[in-house]
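Novice: Okay, predicted coordinates and the sequence, questions at the end:
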Amino acid sequence: MSELIVQPEISVKGNNEIIFVKTLPGNEDTELAEVLKKHIKAESKLNGALAAKALNSWYRSGLGPHPTSGGTWVTNSVLTPSGSPSGVIDSIKYNYDRDGYGGWASQISVRLYIYNSAGFELGYADITASGSDTIVASGSNIPANCRLVLAMKVGNLNGGIFNPPYIDGYDCTVYYS
C-alpha cells in the first residue's frame, strides 16, 4: 500500500524571507514534523530498493562507431561485464551521444546488439529514436554475462561518405536477477 505524502498548508508572508527560529523540543510544528518523518521513511524504502537493485547490475562504457562508408553496420567497442555475473537480464539502460550526426540525422540507424559470452548474437534493439532509454528484457532469458555492441548504419549508400556522422561514446547499465 502506498502512502501519499502531502505538505501541510503553510502560508508565506512578506517578502518570502526565510528566518531561522530556534525551537525547543516539544514546540515543533507537529504537522510538518509528521510530513518529514513520512518523507524520511519513504526515502529510506526507496534507497533500500535501489541499493538492492544496484547489487545486481554492471556498468560499462566505450567508444561509439565512426563509419566512413554508408550502407553497412559499423561497430567499435564491445561492452563486457567484469567477472561472470549469473542470472538473466531484467533491463538495459543505455546512453549514447548524438552530437556527431551533423546533417545525416535522417539517414542514421542505431542498434544495440546483444551477444552471449561465446560471441553468438542473441538479438538487437533498434535504438535510433532515443539516445537515452531503457530496454526491458524481462522474460527474454538473456544471460547477465552478455556482451553489448552499439552499431550505426548511414543510409543505403555504397562507398565512402563526405563528413561522416559518428557516435563518440556510449554506456550501458545492465540490471539482472
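Specialist: Sure thing, it's come through.
Novice: Surely residue 105 is in a helix?
Specialist: Yes: applying DSSP: H, G, I helix; E, B strand; the rest coil, one finds residue 105 inside a helix.
Novice: Is there a neighbour count for it? I'd like the number.
Specialist: By the criterion of other CB atoms under 10 Å, residue 105 has 10 neighbours. Any C-beta I mention is one placed from the backbone N, CA and C, and that applies to glycine too.
Novice: Tell me which residues touch it, please.
Specialist: 98, 165 (CB atoms under 8 Å, 6 or more residues apart in numbering).
Novice: Then residue 76?
Specialist: Counted by CB under 8 Å, 6+ apart, residue 76 has contacts 62-66, 150.
Novice: 6 Å - rerun?
Specialist: Under the criterion of CB atoms under 6 Å, 6 or more residues apart in numbering, the contact list for residue 76 reads 63-65.
Novice: and if you look at residue 125?
Specialist: Residue 125 touches 112, 135, counting by CB under 6 Å, 6+ apart.
Novice: run the last query once more with 7 Å
Specialist: The contact partners of residue 125, by CB atoms under 7 Å, 6 or more residues apart in numbering, come to 111-112, 135.
Novice: do the same with residue 177
Specialist: Here residue 177 is in contact with 56, 87-88, 90 (criterion: CB under 7 Å, 6+ apart).
Novice: Which of those residues fall within strands?
Specialist: Among the contacts of residue 177, the members falling in strands (DSSP state E) are residue 90.
Novice: now, the most widely separated pair of the contacts of residue 177?
Specialist: With CB to CB as the measure, no two of the contacts of residue 177 lie farther apart than 56 and 88, at 10.5 Å.
Novice: what about the residue most central in space within the chain, which helix or strand?
Specialist: For the chain, the residue nearest the mean C-alpha position is residue 93 (3.5 Å; CA atoms, centre = their mean). Residue 93 belongs to strand 89-96 when assigned by DSSP states H and E.
Novice: Note down every partner strand of that strand and its orientation.
Specialist: strand 132-136 (antiparallel), strand 169-176 (antiparallel) (DSSP bridges).
Novice: roughly how far out does it sit from the chain middle?
Specialist: Relative to its parent chain, strand 89-96 has a centroid offset of 6 Å by CA atoms, centre = their mean, to the nearest Å.
Novice: So which residues make contact with that strand?
Specialist: Strand 89-96 is contacted by residues 64, 112, 127, 131-138, 140, 142, 144, 146, 150, 167, 170-177 when judged by CB under 7 Å, 6+ apart.
Novice: what comes up buried for it?
Specialist: Under the neighbour-count criterion of 16 or more other CB atoms under 10 Å, strand 89-96 has 89-90, 92, 94, 96 buried.
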